[in-house]
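J.: need a structure here:
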Amino acid sequence: MAQRPTERLSGLLAGDGGRMLRVAMPPIHLHYIVAGSVGLIFHQAEECRRLGVDPFDPAVVEEHARIVEELLLGPDPLRSDHAHDEQENPA
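T.: Residues are numbered from 1 along each chain as shown. As a prediction, the model looks like this:
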């Protein structure tokens, strides 16, 4: 079973053998960094629409969530779309 994003984020601060952030910080700061990066596209919805993207389009919501998660945690090796990409483009 895949880990939930919150479980993966806790590994960044806990130092439990996962990928760790290079900046020491209390968890509350990481919480707001993530919340800000996730929510800003919706807060600035009108501007985003003027740039040609509807932030409330379900495909855009999913893509935005995936991008934020991958920027923080790297690709989830259990996601089928990544496994497919790796098969087509081996490193």
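J.: CA only for contacts and neighbour counts going forward, please
T.: Will do.
J.: So what does residue 61 have for phi and psi?
T.: With angles defined as degrees, to the nearest 10, residue 61 sits at phi -60, psi -50.
J.: Quick one: residues contacting it.
T.: residue 55 (CA atoms under 8 Å, 6 or more residues apart in numbering).
J.: what about it, distance to residue 72?
T.: 17 Å (CA to CA, to the nearest Å).
J.: Same check on residue 30?
T.: Look at residue 30 and residue 72: by CA to CA, they are 10 Å apart.
J.: got it, and residue 56?
T.: Applying CA to CA, the value for residue 56 to residue 72 is 22 Å.
J.: Of the two, which one has the most company?
T.: residue 72 (16 against 13; other CA atoms under 10 Å).
J.: what about that one, helix or strand, and which?
T.: helix 58-73 (DSSP states H and E).
J.: Flag every buried residue along that helix.
T.: 61, 64, 69, 72, 73 (16 or more other CA atoms under 10 Å).
J.: tell me the pLDDT at the fourth one?
T.: Which is residue 72. The confidence metric pLDDT takes the value 77 at residue 72.
J.: The first one now?
T.: Reading off the confidence values, residue 61 has pLDDT 95.
J.: And the second one, by the same measure?
T.: As predicted, residue 64 sits at a pLDDT of 93.
J.: and it, what does it touch?
T.: Taking CA under 8 Å, 6+ apart as the criterion, residue 64 is in contact with residue 38.
J.: can you rerun that using 7 Å?
T.: By CA atoms under 7 Å, 6 or more residues apart in numbering, the contact list for residue 64 is empty.
J.: Quick one: mean pLDDT for stretch 42-52?
T.: When pLDDT is averaged along stretch 42-52, the result is 96.
J.: Tell me the buried residues in that stretch?
T.: Buried-residue list, stretch 42-52, by 16+ other CA under 10 Å: residue 45.
J.: start to end distance for it?
T.: 14 Å.
J.: List the contacts of that stretch.
T.: Counting by CA under 7 Å, 6+ apart, 41, 54, 55 sit against stretch 42-52.
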